[in-house]
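Asker: Got a predicted model here, sequence first, then my questions.
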Amino acid sequence: MANRLTKIYTRTGDAGETGKADGGRLSKDDRLIHAQGDIDELNSFIGLVASQIDDTDLSLLFNRIQHDLFNVGAEISMSQPLVSVSDVAFLEQQLDEYNVTLPPLEEFILPGGGETACLCHVARAVCRRAERSLVALHQNDALGSDLLAYINRLSDLLFVLSRVLTRLAGENEVYWKKRS
(Lines give C-alpha, C1' and ligand atoms only; values in the text may rest on other atoms or scores of the structure.)
Protein backbone atom coordinates (compact mmCIF):
# COMPACT_ATOMS: atom_id res chain seq x y z
CA MET A 1 0.00 0.00 0.00
CA ALA A 2 3.10 2.19 -0.06
CA ASN A 3 1.93 4.73 -2.64
CA ARG A 4 -1.76 3.98 -2.95
CA LEU A 5 -3.07 6.73 -0.70
CA THR A 6 -1.35 10.05 -0.77
CA LYS A 7 -4.14 11.67 1.24
CA ILE A 8 -6.55 10.17 3.71
CA TYR A 9 -9.31 12.65 2.98
CA THR A 10 -10.56 13.27 -0.54
CA ARG A 11 -13.71 15.35 0.05
CA THR A 12 -15.43 13.22 -2.61
CA GLY A 13 -17.80 11.75 -0.02
CA ASP A 14 -18.97 15.01 1.49
CA ALA A 15 -22.27 14.89 -0.41
CA GLY A 16 -23.21 11.41 0.85
CA GLU A 17 -21.66 9.27 -1.88
CA THR A 18 -18.64 7.02 -1.84
CA GLY A 19 -16.44 5.43 -4.47
CA LYS A 20 -16.70 1.80 -5.51
CA ALA A 21 -13.72 -0.40 -6.34
CA ASP A 22 -14.64 -0.15 -10.05
CA GLY A 23 -14.62 3.65 -9.95
CA GLY A 24 -18.40 4.05 -9.82
CA ARG A 25 -20.23 6.00 -7.12
CA LEU A 26 -22.86 4.85 -4.62
CA SER A 27 -24.93 6.46 -1.93
CA LYS A 28 -23.42 5.85 1.50
CA ASP A 29 -26.69 4.20 2.54
CA ASP A 30 -26.57 1.61 -0.27
CA ARG A 31 -26.81 -2.08 0.79
CA LEU A 32 -23.26 -2.68 -0.44
CA ILE A 33 -21.89 0.08 1.77
CA HIS A 34 -23.88 -1.21 4.76
CA ALA A 35 -22.44 -4.69 4.20
CA GLN A 36 -18.90 -3.33 3.83
CA GLY A 37 -19.31 -1.33 7.04
CA ASP A 38 -20.64 -4.33 8.95
CA ILE A 39 -17.71 -6.48 7.79
CA ASP A 40 -15.29 -3.70 8.77
CA GLU A 41 -16.91 -3.40 12.21
CA LEU A 42 -16.75 -7.17 12.64
CA ASN A 43 -13.07 -7.19 11.69
CA SER A 44 -12.46 -4.42 14.23
CA PHE A 45 -14.13 -6.41 17.00
CA ILE A 46 -12.16 -9.52 16.02
CA GLY A 47 -9.01 -7.40 16.38
CA LEU A 48 -10.17 -6.20 19.78
CA VAL A 49 -10.73 -9.78 20.96
CA ALA A 50 -7.36 -10.83 19.53
CA SER A 51 -5.62 -8.01 21.40
CA GLN A 52 -6.79 -9.57 24.69
CA ILE A 53 -5.55 -13.11 23.98
CA ASP A 54 -2.26 -14.59 25.15
CA ASP A 55 -2.83 -18.05 23.67
CA THR A 56 -0.69 -18.42 20.52
CA ASP A 57 -3.02 -20.81 18.69
CA LEU A 58 -6.03 -18.58 19.32
CA SER A 59 -4.06 -15.48 18.32
CA LEU A 60 -3.13 -17.11 15.02
CA LEU A 61 -6.74 -18.17 14.48
CA PHE A 62 -8.08 -14.66 15.07
CA ASN A 63 -5.38 -13.26 12.77
CA ARG A 64 -6.41 -15.68 10.02
CA ILE A 65 -10.06 -14.66 10.49
CA GLN A 66 -9.13 -10.98 10.15
CA HIS A 67 -7.36 -11.66 6.86
CA ASP A 68 -10.32 -13.72 5.64
CA LEU A 69 -12.71 -10.91 6.56
CA PHE A 70 -10.63 -8.49 4.54
CA ASN A 71 -11.14 -10.90 1.62
CA VAL A 72 -14.89 -10.92 2.32
CA GLY A 73 -14.94 -7.13 2.05
CA ALA A 74 -12.88 -7.22 -1.12
CA GLU A 75 -15.11 -9.89 -2.65
CA ILE A 76 -18.30 -7.93 -2.16
CA SER A 77 -16.59 -4.77 -3.38
CA MET A 78 -15.13 -6.24 -6.55
CA SER A 79 -17.52 -9.12 -7.27
CA GLN A 80 -14.57 -11.50 -7.57
CA PRO A 81 -14.58 -14.72 -5.57
CA LEU A 82 -11.94 -14.60 -2.86
CA VAL A 83 -13.60 -16.74 -0.18
CA SER A 84 -13.55 -20.43 -1.04
CA VAL A 85 -14.97 -23.70 0.15
CA SER A 86 -11.58 -24.40 1.79
CA ASP A 87 -12.03 -21.27 3.95
CA VAL A 88 -15.41 -22.59 5.10
CA ALA A 89 -13.87 -26.03 5.73
CA PHE A 90 -11.14 -24.38 7.81
CA LEU A 91 -13.76 -22.77 10.07
CA GLU A 92 -15.61 -26.09 10.38
CA GLN A 93 -12.37 -27.82 11.36
CA GLN A 94 -11.74 -25.17 14.02
CA LEU A 95 -15.32 -25.51 15.25
CA ASP A 96 -14.93 -29.26 15.61
CA GLU A 97 -11.54 -29.03 17.33
CA TYR A 98 -12.58 -26.41 19.89
CA ASN A 99 -16.10 -27.68 20.49
CA VAL A 100 -14.88 -31.16 21.44
CA THR A 101 -13.03 -29.59 24.40
CA LEU A 102 -16.25 -28.10 25.82
CA PRO A 103 -18.99 -29.68 27.89
CA PRO A 104 -22.26 -30.23 26.03
CA LEU A 105 -24.74 -27.38 26.10
CA GLU A 106 -27.62 -27.98 28.46
CA GLU A 107 -28.92 -24.41 28.73
CA PHE A 108 -28.80 -21.23 26.69
CA ILE A 109 -25.69 -19.19 27.43
CA LEU A 110 -25.84 -15.45 28.02
CA PRO A 111 -22.92 -13.20 27.12
CA GLY A 112 -20.59 -13.33 30.08
CA GLY A 113 -17.66 -15.36 31.30
CA GLY A 114 -15.12 -12.57 31.56
CA GLU A 115 -14.25 -9.52 29.50
CA THR A 116 -12.60 -11.29 26.56
CA ALA A 117 -15.41 -13.83 26.27
CA CYS A 118 -17.94 -10.98 26.34
CA LEU A 119 -16.04 -9.19 23.57
CA CYS A 120 -16.16 -12.39 21.56
CA HIS A 121 -19.94 -12.52 22.10
CA VAL A 122 -20.16 -8.95 20.81
CA ALA A 123 -18.14 -10.00 17.75
CA ARG A 124 -20.58 -12.91 17.27
CA ALA A 125 -23.57 -10.55 17.39
CA VAL A 126 -21.88 -8.17 14.92
CA CYS A 127 -21.16 -11.18 12.71
CA ARG A 128 -24.86 -12.06 12.68
CA ARG A 129 -25.68 -8.48 11.66
CA ALA A 130 -23.06 -8.62 8.93
CA GLU A 131 -24.65 -11.85 7.73
CA ARG A 132 -28.05 -10.14 7.54
CA SER A 133 -26.49 -7.31 5.53
CA LEU A 134 -24.89 -9.79 3.15
CA VAL A 135 -28.17 -11.66 2.69
CA ALA A 136 -29.93 -8.35 1.92
CA LEU A 137 -27.20 -7.51 -0.59
CA HIS A 138 -27.46 -11.00 -2.08
CA GLN A 139 -31.12 -10.38 -2.96
CA ASN A 140 -30.05 -7.90 -5.67
CA ASP A 141 -26.40 -8.76 -6.28
CA ALA A 142 -25.60 -12.46 -6.24
CA LEU A 143 -22.88 -13.27 -3.73
CA GLY A 144 -20.87 -16.44 -3.67
CA SER A 145 -22.35 -19.27 -1.64
CA ASP A 146 -18.95 -19.82 -0.01
CA LEU A 147 -18.95 -16.23 1.24
CA LEU A 148 -22.39 -16.60 2.84
CA ALA A 149 -21.44 -19.97 4.33
CA TYR A 150 -18.21 -18.51 5.68
CA ILE A 151 -20.00 -15.76 7.60
CA ASN A 152 -22.57 -18.22 8.92
CA ARG A 153 -19.86 -20.60 10.16
CA LEU A 154 -17.86 -17.72 11.62
CA SER A 155 -20.69 -16.72 13.94
CA ASP A 156 -20.88 -20.33 15.15
CA LEU A 157 -17.13 -20.38 15.71
CA LEU A 158 -17.26 -17.11 17.65
CA PHE A 159 -19.89 -18.63 19.94
CA VAL A 160 -17.67 -21.66 20.58
CA LEU A 161 -14.61 -19.44 21.06
CA SER A 162 -16.54 -17.37 23.61
CA ARG A 163 -17.01 -20.55 25.60
CA VAL A 164 -13.32 -21.43 25.21
CA LEU A 165 -12.27 -17.95 26.33
CA THR A 166 -14.55 -18.24 29.38
CA ARG A 167 -12.70 -21.36 30.46
CA LEU A 168 -9.27 -19.87 29.73
CA ALA A 169 -10.18 -16.96 32.02
CA GLY A 170 -11.21 -19.38 34.77
CA GLU A 171 -14.74 -17.98 34.66
CA ASN A 172 -18.11 -19.71 34.63
CA GLU A 173 -20.62 -19.53 31.82
CA VAL A 174 -23.73 -17.49 32.50
CA TYR A 175 -26.81 -19.59 31.86
CA TRP A 176 -30.23 -18.24 30.99
CA LYS A 177 -32.81 -19.06 33.64
CA LYS A 178 -36.48 -19.19 32.88
CA ARG A 179 -38.55 -17.05 35.19
CA SER A 180 -40.71 -19.11 37.47
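Answerer: Now that the structure is in, tell me what you want to look at.

Asker: which ones are touching the residue nearest to Asn152 when sequence neighbours are not counted?
Answerer: Excluding the flanking residues, the one nearest Asn152 by CB to CB, 6 or more residues apart in numbering is Glu131, at 6.1 Å. Where you see a C-beta, it was placed from the backbone N, CA and C, and this is true even at glycine. Applying CB atoms under 8 Å, 6 or more residues apart in numbering, one finds that Glu131 lies in contact with 148, 151-152, 155.

Asker: how much space between Glu131 and Leu158?
Answerer: Using CB to CB, to the nearest Å, Glu131 is found at 11 Å from Leu158.

Asker: Which is the succeeding secondary structure element to the helix or strand bottoming out on mean pLDDT in the chain?
Answerer: Using mean pLDDT, DSSP states H and E, strand 17-19 stands out as the lowest-scoring helix or strand of the chain, at a mean of 75. Going down the chain from strand 17-19, the next helix or strand is strand 25-27, by DSSP states H and E.

Asker: for the next helix or strand after that next one, packing partners?
Answerer: For strand 25-27, the following helix or strand on the C-terminal side (DSSP H and E) is helix 31-51. If you count contacts as 3 or more CB pairs under 8 Å, 6 or more residues apart in numbering; DSSP states H and E, helix 31-51 packs onto strand 25-27, helix 56-78, helix 115-138.

Asker: In helix 31-51, which residues are buried?
Answerer: 31-36, 38-39, 42-43, 45-46, 49-50 (16 or more other CB atoms under 10 Å).

Asker: need those residues in CSV with pLDDT and distance to Thr116, can you?
Answerer: Formatted as CSV, those follow (pLDDT from 0 to 100; distance: CB to CB, whole Å):
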residue, pLDDT, distance to Thr116
Arg31, 92, 32
Leu32, 90, 32
Ile33, 90, 30
His34, 94, 28
Ala35, 95, 27
Gln36, 95, 27
Asp38, 97, 22
Ile39, 98, 22
Leu42, 98, 17
Asn43, 98, 17
Phe45, 97, 12
Ile46, 98, 12
Val49, 97, 6
Ala50, 97, 10
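
Asker: That's all I had, so thanks and see you.
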